[in-house]
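[1] I would like the atomic coordinates for the input below:
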Amino acid sequence: MALLINFKDVTIQRQELTVLKDINLEIQAGEFIYAIGKVGSGKSSMFKAFYAEIPVKSGEAEVLGFNLKKIKNKQIPMLRRKLGIVFQDFQLLTDRTVDENLEFVLRATGWKNKVDIDTRIEAVLTQVGMQNKGYKMPHQLSGGEQQRVVIARALLNSPEIILADEPTGNLDPETGHKIVSLLYDIAKEGTTVIMSTHNTQLTRIFDGRILYFGDQTIQEVELDDDEQNEQ
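    Purely as a prediction, here's the structure:
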């Protein structure tokens with residue numbers, strides 16, 4: 001499998017405050033990964049480091065072939081086009097339909113041909129089970145439907161990695177389960193999914209690597225035998 005993320009002895013700081021240190025992490029294509037830890041443990045900061053919103057201060061850090069220590073401002077949009085980001089609070093444009101939300105992103109990332117744009121929008125909405133909903137406004141959708149649109153938006157440019165930051169945080173348990181199932185299926189199709197969550201129950205349902213954030217570090221952990229037997 002291809003190595004998509006490679007961190008060696010990385011330190012991440014926010015305004016001189018060390019958030020994470022001594023991070024060694026390798027992430028391959030097609031993996032499904034949980035990022036688990038308390039609020040403030042560095043999960044969101046790690047995501048922001050992946051897409052070069054927070055600078056890497058020390059160590060070696062490479063994401064999708066980009067050296068984060070040496071990345072130039074003009075290269076950052078190219079990196080971000082290879083990443084899909086799923087936000088907890090959706091961040092859909094409320095004055096536009098679903099189709100218009102997705103078209104806005106495609107045009108902003110260089111798509112120009114209307115036929116190609118319409119074909120891509122139809123494809124991603126079908127992938128997330130939202131075909132025939134493109135005409136609706138965000139307020140006409142349930143929370144789960146809005147999150148599916150957000151996932152479709154993340155898939156538009158065929159990213160190699162999807163970063164899902166608490167994607168079930170504003171959803172009821174049943175809807176949240178369906179969203180994680182969708183992300184899990186996306187990973188099985190070859191796109192790496194890294195999902196932060198407080199819901200450790202999900203790790204018993206959908207198998208994946210578990211990265212635990214705490215004490216400014218990241219540790220890979222596994223479910224114990226009793227938990228594995230409950231799956």
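[2] Which stretches in this protein count as strands?
    3-14, 17-28, 32-37, 56-63, 66-67, 83-86, 161-165, 192-197, 209-214, 217-221 (DSSP state E).
[3] State the distance spanning the first to the last residue of stretch 194-211.
    Using CA to CA, to the nearest Å, one end of stretch 194-211 lies 10 Å from the other.
[4] got JSON lines for the strands of the chain, with mean pLDDT, mean neighbour count and distance to residue 149 too?
    Bear in mind the C-beta positions are built from the backbone N, C-alpha and C, glycine included. Below are those laid out as JSON lines (pLDDT from 0 to 100; neighbours: other CB atoms under 10 Å; distance: least, CB to CB, whole Å):
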{"stretch": "strand 3-14", "mean pLDDT": "94", "mean neighbour count": "18", "distance to residue 149": "25"}
{"stretch": "strand 17-28", "mean pLDDT": "94", "mean neighbour count": "16", "distance to residue 149": "26"}
{"stretch": "strand 32-37", "mean pLDDT": "95", "mean neighbour count": "22", "distance to residue 149": "21"}
{"stretch": "strand 56-63", "mean pLDDT": "93", "mean neighbour count": "19", "distance to residue 149": "26"}
{"stretch": "strand 66-67", "mean pLDDT": "96", "mean neighbour count": "16", "distance to residue 149": "28"}
{"stretch": "strand 83-86", "mean pLDDT": "93", "mean neighbour count": "22", "distance to residue 149": "10"}
{"stretch": "strand 161-165", "mean pLDDT": "95", "mean neighbour count": "23", "distance to residue 149": "14"}
{"stretch": "strand 192-197", "mean pLDDT": "95", "mean neighbour count": "25", "distance to residue 149": "17"}
{"stretch": "strand 209-214", "mean pLDDT": "95", "mean neighbour count": "17", "distance to residue 149": "27"}
{"stretch": "strand 217-221", "mean pLDDT": "93", "mean neighbour count": "15", "distance to residue 149": "31"}
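[5] got a markdown table for those, with distance to residue 127 too?
    Converted to a markdown table, the strands of the chain look like this (distance: least, CB to CB, whole Å):
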| stretch | distance to residue 127 |
| --- | --- |
| strand 3-14 | 21 |
| strand 17-28 | 22 |
| strand 32-37 | 17 |
| strand 56-63 | 24 |
| strand 66-67 | 26 |
| strand 83-86 | 12 |
| strand 161-165 | 12 |
| strand 192-197 | 14 |
| strand 209-214 | 24 |
| strand 217-221 | 30 |
